[in-house]
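S.K.: missing the sequence, but the structure's below:
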């Protein structure tokens with residue numbers, strides 16, 4: 001890790017109050033018929049990638065895509081809200097992630113054949129096949145790996161992937177199932193891992209039960225989280241499973257069972273959302289409708305399965321209930337939680353207003369306490385997903401049938417027509433007004449800073465100074481030391497950064 005050696009002292013880590021960000025732009029996606037947005041992933045260098053579907057066509061600033069080559073697309077939206085390119089698909093993308101080089105990795109599930117930007121890919125058999133598509137930052141399809149006939153067509157598998165660790169597959173089956181040629185016997189649920197080269201790493205039976213929508217997550221290290229309603233399970237435990245008991249379970253990179261937590265949810269309508277931190281901690285959020293009252297429950301478990309915190313957002317539910325749709329771990333231990341609500345929803349003591357249907361984006365600190373929550377300013381929103389962007393901007397995508405406004409930024413539509421949007425919030429977390437740590441041994445001024453940042457330092461000790469963005473990427477090589485306590489930060493992109501010296505941390509904003 002790159003760093004600068006400067007005087008420092010050991011002090012307790014700082015915890016700074018967070019402020020709610022504001023909407024800074026919104027961009028619409030429209031066509032001759034409905035446009036629905038499905039997912040969003042941040043770029044590592046510029047903006048975000050939005051995935052959606054359209055009926056007849058979709059009008060983009062540089063082109064109009066028609067349904068002749070498919071009804072799905074992925075579009076790049078830059079940090080200013082401009083759509084710069086799009087790639088068209090004939091099948092929905094089931095998993096996508098930004099890559100380290102500024103591009104995006106997309107996983108497509110198909111049967112028979114599939115089309116990407118007019119190029120056809122096919123399978124000799126009739127099973128569920130996968131196409132792993134790599135798109136560079138300029139919108140060029142840089143590679144496409146076809147993995148034919150992963151499982152038979154009479155099964156309904158769930159997939160998730162990361163560019164670093166490859167693909168995870170979870171599937172329920174009767175009698176036996178072949179996964180890329182390897183048989184798993186006896187009826188039940190199977191978990192499998194496939195490398196980024198399309199090779200089966202392993203496949204194993206977990207037990208008997210029902211898998212959940214959105215029930216699978218694999219992280220960059222290859223660890224898996226699954227959410228299952230069990231009939232019975234093959235886990236090293238003395239607990240006797242009863243029919244319908246629910247479990248979130250963690251498995252290591254080689255498929256080894258690690259831990260489980262029971263009864264976090266009750267049925268398949270609770271839609272558990274699963275994520276991992278880099279340190280192995282598990283983040284879980286789900287909707288729990290109860291009669292006419294509904295709430296969203298969120299939890300964090302450490303790498304051994306110990307519960308660190310739990311919280312709830314409470315409100316009154318409608319027909320479909322409130323639902324989380326995205327969780328983003330922050331490097332300082334906090335969490336972004338996004339989703340939609342169909343009525344009033346209170347986050348601790350924070351009530352962002354509006355009666356729904358609305359999107360929401362909220363922040364939870366490292367102790368599980370709500371810090372802020374925001375919604376759109378007006379209009380109906382369905383199915384929003386949020387992602388943390390480069391330099392802490394938050395990108396949200398969703399669909400509206402009324403038109404929607406985000407502060408002064410309006411995405412219009414005719415009543416009853418569905419139109420997609422991508423909207424951007426400012427920094428995910430903001431420091432307090434002066435950026436001083438609790439015991440005043442480390443401070444950063446001015447805050448915000450434009451070109452030069454001054455830091456206060458005790459003497460007689462040395463330590464490595466590291467500057468990271470809020471996603472944990474080291475940015476120290478973008479700053480230049482001017483004196484023992486002043487630094488040129490003009491090369492940093494606008495956003496929020498964390499300056500660390502030993503056990504001290506202070507946030508500063510680069511304008």
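M.R.: Happy to help now that I have it. Worth saying up front: this structure is predicted, and the values here are computed from it rather than measured.

S.K.: what's the local residue count around residue 475?
M.R.: Here the count is done by other CB atoms under 10 Å, and residue 475 has 21 residues near it. All C-beta atoms are positioned from the backbone trio N, CA, C, and that covers glycine.

S.K.: so it is in contact with residue 495, correct?
M.R.: No: between residue 475 and residue 495 there is no contact under CB atoms under 8 Å: 9.5 Å.

S.K.: show me the common contact partners of these two, please.
M.R.: Listed as contacting both residue 475 and residue 495 by CB atoms under 8 Å, 6 or more residues apart in numbering are residue 469.

S.K.: remind me, longest strand of this structure?
M.R.: Longest strand in the chain, counting residues (DSSP state E): strand 200-218.

S.K.: name the residues of that one that are buried.
M.R.: For strand 200-218, burial by neighbour count (16 or more other CB atoms under 10 Å) applies to 200-201, 203-209, 211-212, 214-218.

S.K.: nearest to residue 453 among these?
M.R.: Closest approach between the buried residues of strand 200-218 and residue 453, by CB to CB: residue 217, at 37.2 Å.

S.K.: report pLDDT for the closest one.
M.R.: On pLDDT, residue 217 comes in at 93.

S.K.: could you do residue 292 as well?
M.R.: pLDDT recorded at residue 292 is 49.

S.K.: same deal with residue 304?
M.R.: Residue 304 is assigned 94 on the pLDDT scale.

S.K.: identify the residue spatially nearest to it, adjacent ones excluded.
M.R.: residue 259 (6.2 Å; CB to CB, 6 or more residues apart in numbering).

S.K.: confirm for me that residue 156 is in contact with residue 171.
M.R.: Yes: between residue 156 and residue 171 there is a contact under CB under 8 Å: 7.2 Å.

S.K.: more crowded one of those two?
M.R.: residue 171 (24 against 11).

S.K.: who does the more buried one form a beta bridge with?
M.R.: Note on residue 171: beta-bridge partners by DSSP bridges are residue 190.

S.K.: do residue 58 as well
M.R.: Assessed by DSSP bridges, residue 58 has beta-bridge partners residue 65.

S.K.: ok, it - contacts?
M.R.: The contact partners of residue 58, by CB under 8 Å, 6+ apart, come to 29, 30, 31, 35, 52, 64, 65, 73, 86.

S.K.: mind checking which of these land in strands?
M.R.: Counted as lying in strands by DSSP E, out of the contacts of residue 58, are 29, 35, 52, 64, 65, 73, 86.

S.K.: distance of the second one from residue 69?
M.R.: It refers to residue 35. From residue 35 across to residue 69, the span is 16 Å (CB to CB, to the nearest Å).

S.K.: who's more crowded, the two?
M.R.: Neighbour totals were compared for residue 35 and residue 69, and residue 35 leads with 26 against 17 (other CB under 10 Å).

S.K.: using the three-state scheme, assign the residue lying closest to that one once chain neighbours are set aside.
M.R.: Closest residue to residue 35 apart from its sequence neighbours, by CB to CB, 6+ apart: residue 420 at 4.4 Å. Of the three states, residue 420 takes strand under DSSP: H, G, I helix; E, B strand; the rest coil.

S.K.: please pull out the lowest mean pLDDT helix or strand from the protein.
M.R.: Lowest on mean pLDDT, DSSP states H and E among the helices and strands of the chain sits strand 4-7, with a mean of 32.

S.K.: so the residue nearest to residue 35 sits against residue 397, correct?
M.R.: Yes: in this structure residue 420 lies within contact range of residue 397 using CB under 8 Å: 6.9 Å.

S.K.: mind listing the shared neighbours of the two?
M.R.: 37, 50, 52.

S.K.: surely the first one meets residue 48?
M.R.: In other words, residue 37. No: Residue 37 is beyond contact range of residue 48, at 11.5 Å (criterion: CB under 8 Å).

S.K.: quick one: common contacting residues for the two?
M.R.: residue 422.

S.K.: just checking, residue 508 touches residue 452?
M.R.: No: with contact defined as CB under 8 Å, residue 508 does not count as touching residue 452 (11.5 Å).

S.K.: partner strands of the helix or strand residue 149 falls within and their direction?
M.R.: Taking DSSP states H and E as the definition, residue 149 sits inside strand 141-151. As defined by DSSP bridges, the strand partners of strand 141-151 come to strand 128-135 (antiparallel).

S.K.: average pLDDT for the partner strand?
M.R.: When pLDDT is averaged along strand 128-135, the result is 96.

S.K.: which residues are contacting it?
M.R.: Strand 128-135 is contacted from outside by 74, 87, 99, 103-111, 114, 116, 121, 123, 141-153, 155, 157, 159, 161, 163, 167, 194, 196, 198, using CB under 8 Å, 6+ apart.

S.K.: now stretch 399-414
M.R.: With contacts defined as CB under 8 Å, 6+ apart, stretch 399-414 is touched by 22-28, 30, 35-37, 376-383, 415-421, 423.

S.K.: same question, stretch 189-204
M.R.: 130, 132, 145-147, 150, 163, 165-173, 177, 179-182, 184, 205-209, 211, 218, 222, 224, 226, 228, 251, 253-255.

S.K.: drop anything exposed from those.
M.R.: For those, a burial check counting by 16+ other CB under 10 Å picks out 130, 132, 146-147, 150, 163, 165-173, 177, 179-180, 184, 205-209, 211, 218, 222, 224, 226, 228, 251, 255.

S.K.: stretch 110-127 spans what distance, first to last residue?
M.R.: Using CA to CA, to the nearest Å, one end of stretch 110-127 lies 8 Å from the other.

S.K.: check which helices and strands the helix or strand where residue 497 lies is in contact with.
M.R.: Using DSSP H and E, residue 497 sits within strand 495-501. Judged by 3 or more CB pairs under 8 Å, 6 or more residues apart in numbering; DSSP states H and E, strand 495-501 is in contact with strand 462-469, strand 504-510.

S.K.: which of those has the lowest mean pLDDT?
M.R.: Taking the mean pLDDT of the helices and strands packed on strand 495-501, strand 462-469 comes last: a mean of 67.

S.K.: helix or strand next in line after it, which one?
M.R.: Following strand 462-469 toward the C-terminus (DSSP H and E): strand 480-483.

S.K.: ok, that next one: who's next to it in the sheet?
M.R.: Partners of strand 480-483 in the sheet, by DSSP bridges, are strand 486-488 (antiparallel).

S.K.: in the partner strand, which residues are buried?
M.R.: Buried, per 16+ other CB under 10 Å, within strand 486-488: residue 487.

S.K.: can you give the contact residues for it?
M.R.: Strand 486-488 has contacts (CB under 8 Å, 6+ apart) with 451, 452, 453, 454, 455, 479, 480, 481, 482.

S.K.: now these: which count as buried?
M.R.: Using 16+ other CB under 10 Å as the burial test, those include 453, 455, 479 as buried.

S.K.: re earlier: mind listing what the residue nearest to residue 35 touches?
M.R.: 28, 29, 30, 35, 36, 37, 50, 52, 397, 398, 399.

S.K.: repeat that for 6 Å
M.R.: 29, 35, 37, 52, 399 (CB atoms under 6 Å, 6 or more residues apart in numbering).

S.K.: excluding residues flanking it in the chain, which one is nearest the fourth one?
M.R.: What it means is residue 52. Leaving out its chain neighbours, the residue that sits closest to residue 52 by CB to CB, 6+ apart is residue 37, at 4.3 Å.
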